[in-house]
Each structure stands twice: as structure tokens, then as C-alpha cells.
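Novice: Based on what follows, work out the 3D shape:
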Amino acid sequence: MLSNAQIEVAIIGGGIAGVTAALGLLRRGISVKVYERASGFREIGAGIGLSPNAERAMLLLNPDIHAVFKRLATPNTEDWFQYVDGFNRSQQGDGEDLLFKVYLGERGFEGCRRTDFLDELVSLLPAGCVEFRKELVDITEPEDETSPVALYFADGSMAYADAVLGCDGLRSRVREYILGVDHPAVEPSYTHKFAYRGVIPMKDAIQAIGEGKALTRYMHLGPECHVLTFPVSMSTMLNVVAFVTDPNEWPSLDQTTLPATREEVLESFRNFGPVVTAIMNLLDQRLDKWGIFDLQESPVASYVSPRGCVCLVGDAAHAAAPHHGAGAGSAIEDALALAVGLEEAVKILTAGLESISRRKVISAAFAAYECTRYDRTQWIIESSRFMGELFEWQAAGFERDPDKCHSEVEWRSHKIWDYDVENMIKEVRESFVTKVSESVGETV
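Specialist: Numbers count the residues shown, from 1 in each chain. Predicted coordinates:
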């Protein structure tokens, strides 16, 4: 039985956003239940890279999360992100011409396999914290402030919580509940780019393209296509993400990942240089083809429900194209902001002020989260689309100019990497106090 000062939080979705949010709340003594519609935890995609801002957020959210990442993270052999001409034949005789490079910071932006990261995080969750095969179909927030939020699942079961975090990704059911079924942001927009994803044994990659290319981060640029490569699994594998501009509509109404073949990849990159061609030839015969969707064309106007007890986190709130590599990091920042806000809410409830209801403090915590996170996350959506165009020589005024591209990539990247996470926490706390004071008409 919960004390009057405790908050019961339901998390919809058991991906990286949901699990890290759960671990952050549990660290602060807040009761959590994760509802996952699949029969087990799963992550789509091969590799994941986390930048310095994400690492700082992990440390403050729950140091155990950061310890997991550092245990799995594969160091780059250089502290620079290399951007090369993957299309034209090299003038330097090494397969590709260096266009520019951006400083990552010491061991910055390291990578690991998504499944490994999620598996290790899940092992930190206490028994009974997760329920599987729970597909959300509806939510009810009662007008009565003393009543909890009701969750309805496809199997006919129900659950109750004081606060609900929608961590259910790109096609979020919680987003549909908050915005309404007919809102244009319920369905994400196809960016008219897709990506082939795969991993290559590192020994094969080194033999084909050399240690220098295989053991650090490279972006191979070109017209209408580009390729990201970086080491994962302690440099035993090379992660490959090969992006292609697509003038057509995405062929599936309900799946963002479809099967593909190596022959399709080779056809897409048939005119590229020898390094890119060598990488593509090493991919498995069967691959994933990943449609790139985001929420730019119809942004989510609010991350919080009108009654204030349900909010969106990570891709459910602000799904962006992956060209900044900022999706998971943004979700972890979100989780930290929410954990701090809800921790402040519990403190006020513990103080036993009769004029402040549980609903009011939760609403204030969620409002503070949105106020602190909205502008940054919306900018990342816009900038991520732009970066995809820049990498494929489609950005007007930049095209193939390496100096202009360098300047643009550098400031945009560091705006993400250099984010002051501790100041974000300060902003959440200050905003929370303001929101609570507004809701009760007095200074807290």
C-alpha cells in the first residue's frame, strides 16, 4: 500500500526511453510499473551511439545506467568524427578524400549494440516491475482529482496509476490519446529517406578498408546517399547505416522496418567510390530496411495531457531523423528531467501541505518538464532533417562546399553535445516551484 506521499508511475513502453526512465525513478524511491506490449524487451537497430551530453544525463539519472554503457561502449581510435567524400574517386590515393572532421572530445560519442545495452539495463530492474503483452488501447483521466488514471489493455485487463509516461515510440498510442485520434501529429511523417542497417565482422572490415577507416567514426558523404560507420561490440563488429533518398512513399502502412537484400544496397550505391562499395559487399545477404520517419511536418504541440497526469517521452514526443544520432540521448535527458520533477513532487507531498493535491504536483512536474525540454527537442527534429540533406549534398547554399559544411556540422553537433544537463535540472526545479505556486495561488 502506497503512503499518501508516494506516487505510482506507469510507463508505457519498454525500450531505452522507458527502461531508463524507470531506473531513474526507482533510484529516487518512486514506485514504477512498466507495461510493454511485446512478449519481451526488444530494440530495433544494430548499433547505438551516445554523445557526451547523454553520458552526463545517465550519470545524474542513475549512475548504474552509465556504468552499463561504459562497460559496453567501444572506444574510437581517434577523438575526431571523420567526414569523407564517399562518392568521388580519391585524390589522395587512400580510397576517400577527407572533407573535414569534428572533435568529439576524449572518448566522446562511443557506440555499442542496442540489444546489448537494453539487455544490461533490464537486468537492473527489480522483479515484478514489468508486465509484458500489455498493449495499451485507452486511457481515462478522471475529473475527480483524487481518482487515479485508468489504463485499458487489449487483453481486457486494467491498471491504475497517478502518473503515466508514454515511452511507446514513433507510433505512440499515448500520443494519440493526448492529441486526439484525428490530429495530424498522431501519424509520423516519412522523410523520404530510408536506411539499410547491418554489422560486419571487424576482421573483414579491416581487411577491406583498413584499420583507420574501420576503428573510428566515419561519415561517407555523397549525392542522394550517405553511410555512417562506427565500431561496436568492443571493436569486434563494424556498425553500418547506409542512408538513401527515396522519392516514393513508404510501402507499408504499419511497419517502419522491412526486409532487404545486399543486392538492393549495392544497386543504391553502385556509383560510389571503392571504400563504400567494399563496405556494402561485406553486408549480410539479408538486411533490415529502416524507414526514416519524424514529427517535423506536424509537431506535437504539447507533451502533456490537458488534465496533466499523462506525458510523452522520447520518440513519442519528438521523434527525429537519426542524422544527429541524438534520439536515445534526448530520451535519457527527458527521463532525467521527469525524474527530477517527480522527485520534487514527492517532496511536497511528503511535507503534507493540505492545499496541494497529488494531481496538482504531478501536473506541475509534467509542466516543468515540458517547459524545460520542448524547445531543445523540437530544434533537434528540425536540425536532424537538415543534417540528412547536408550529408547528401542537398542543402541549398552548402552542396559540396567542405568549409561551409564543416562549420554547420560543428555548431549544430556541439549544440547537442555541450548541453548543460545540470542547468536543465535547475530549470526543472525552478519551473516546478512556479507551476505549483500558480496552481494553488500561493508561494510554495
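Novice: any low-confidence regions in the protein?
Specialist: Applying pLDDT under 70 to the chain picks out residues 1-5, 42-46, 91-94, 106-107, 353-355, 440-444.
Novice: State which helix of it is the longest.
Specialist: helix 358-391 (DSSP state H).
Novice: Pull out the buried residues from that one.
Specialist: Within helix 358-391, the residues that qualify as buried are 358-374, 376-378, 380-381, 383-391, counting by 16 or more other C-beta atoms under 10 Å. C-beta here means a position set from N, CA and C on the backbone, and glycine is covered the same way.
Novice: between the strand with the most length in the chain and helix 358-391, how big is the angle?
Specialist: As assigned by DSSP state E, the longest strand anywhere in the chain is strand 189-201. Relative orientation of strand 189-201 versus helix 358-391 (axes from the mean of the first three to the mean of the last three C-alpha atoms, to 10 degrees): 70 degrees.
Novice: So which elements touch strand 189-201?
Specialist: Under the contact definition 3 or more C-beta pairs under 8 Å, 6 or more residues apart in numbering; DSSP states H and E, strand 189-201 sits against strand 237-245, helix 262-268, strand 286-294, helix 358-391.
Novice: May I see the buried residues of the helix or strand that comes right after the shortest one?
Specialist: Using DSSP states H and E, the helix or strand that follows helix 262-268 in sequence is helix 274-281. Taking 16+ other C-beta under 10 Å as the neighbour-count basis, helix 274-281 is seen to contain the buried residues 275-280.
Novice: rewinding a little: which is the next helix or strand following the longest helix of the chain?
Specialist: Sequence order places helix 402-417 as the next helix or strand after helix 358-391, per DSSP H and E.
Novice: any idea of the angle the next helix or strand after that following helix forms with helix 358-391?
Specialist: Reading on from helix 402-417 to the C-terminus, the next helix or strand found by DSSP H and E is helix 421-440. Orientation check (the same axes, to 10 degrees): helix 421-440 against helix 358-391 gives 140 degrees.
Novice: what's helix 421-440 in contact with?
Specialist: 53, 56-57, 60, 333, 336-337, 340-341, 344-345, 348, 355-356, 360-361, 363-365, 367-369, 371-373, 443-444 (C-beta atoms under 8 Å, 6 or more residues apart in numbering).
Novice: still on that earlier bit, can you tell me which of the helices and strands packed on strand 189-201 is nearest to Ala161?
Specialist: Closest to Ala161 of those is helix 358-391 (C-beta to C-beta; 10.0 Å).
Novice: Tell me how far the closest one lies from the chain's centre.
Specialist: Its chain's average C-alpha position is 12 Å from that of helix 358-391, according to C-alpha atoms, centre = their mean, to the nearest Å.
Novice: going forward can the numbers begin at 520, since that is how I track them
Specialist: With the count now opening at 520, the last piece we talked about shows up as helix 877-910.
Novice: list the helices and strands that helix packs on?
Specialist: Checking 3+ C-beta pairs under 8 Å, 6+ apart, helix 877-910 ends up next to strand 682-685, strand 708-720, strand 805-813, strand 829-831, helix 834-837, helix 846-870, helix 921-936, helix 940-959.
Novice: Redo these as CSV? Include distance to Gly630.
Specialist: Output for the helices and strands packed on helix 877-910, formatted as CSV (distance: least, C-beta to C-beta, whole Å):
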stretch, distance to Gly630
strand 682-685, 27
strand 708-720, 11
strand 805-813, 17
strand 829-831, 27
helix 834-837, 19
helix 846-870, 11
helix 921-936, 15
helix 940-959, 20
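Novice: Reformat these as a markdown table; add mean neighbour count.
Specialist: Converted to a markdown table, the helices and strands packed on helix 877-910 look like this (neighbours: other C-beta atoms under 10 Å):
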| stretch | mean neighbour count |
| --- | --- |
| strand 682-685 | 30 |
| strand 708-720 | 21 |
| strand 805-813 | 20 |
| strand 829-831 | 28 |
| helix 834-837 | 29 |
| helix 846-870 | 24 |
| helix 921-936 | 17 |
| helix 940-959 | 18 |
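Novice: which residues touch the residue lying closest to Arg877 once chain neighbours are set aside?
Specialist: Nearest in space to Arg877, with sequence neighbours left out and distances taken as C-beta to C-beta, 6 or more residues apart in numbering, is Asp681 at 5.8 Å. Going by C-beta under 8 Å, 6+ apart, Asp681 touches 526-528, 667-668, 828, 877-878, 881.
Novice: of all those, which comes closest to Gln804?
Specialist: Closest to Gln804, out of all of the contacts of Asp681 and judged by C-beta to C-beta, is Val528, at 44.3 Å.
Novice: Dig out what the closest one forms beta bridges with.
Specialist: With DSSP bridges as the criterion, Val528 is bridged to Val551, Ala682.
Novice: ok, how many other residues are close to it?
Specialist: 23 (other C-beta atoms under 10 Å).
Novice: looking at it, it is touching Val553, isn't it?
Specialist: No: between Val528 and Val553 there is no contact under C-beta atoms under 8 Å: 9.5 Å.
Novice: ok, now which ones touch Val621?
Specialist: 599-600, 602, 925, 928-929, 932.
Novice: Let me know the angle separating the longest strand of the chain from strand 805-813.
Specialist: Using the same axes, to 10 degrees: strand 708-720 against strand 805-813 is 150 degrees.
Novice: Beyond strand 708-720, next helix or strand please.
Specialist: Assigned by DSSP H and E, the successor of strand 708-720 is helix 721-728.
Novice: who are the neighbours in contact with Leu861?
Specialist: Neighbours of Leu861 in contact, by C-beta under 8 Å, 6+ apart: 526, 528, 544, 547, 549, 682, 881, 884.
Novice: hmm, try it at 10 Å
Specialist: 526, 528, 540, 543-544, 547, 549, 681-682, 684, 880-881, 884-885, 887-888, 951 (C-beta atoms under 10 Å, 6 or more residues apart in numbering).
Novice: Over to Glu929?
Specialist: With contact set as C-beta under 10 Å, 6+ apart, Glu929 has these partners: 600, 619-622.
Novice: re the thing from before, tell me the backbone dihedrals of the residue nearest to Arg877, please.
Specialist: phi -80, psi -30 (degrees, to the nearest 10).
Novice: Quick one: classify Trp820 as helix, strand or coil.
Specialist: You called it Trp, but residue 820 is Ala. Taking DSSP: H, G, I helix; E, B strand; the rest coil as the rule, one finds Ala820 in the coil state.
Novice: how many neighbours does it have?
Specialist: 10.
Novice: Looks like it contacts Ala704 (just checking).
Specialist: Yes: judged on C-beta atoms under 10 Å, Ala820 makes contact with Ala704 at a distance of 7.6 Å.
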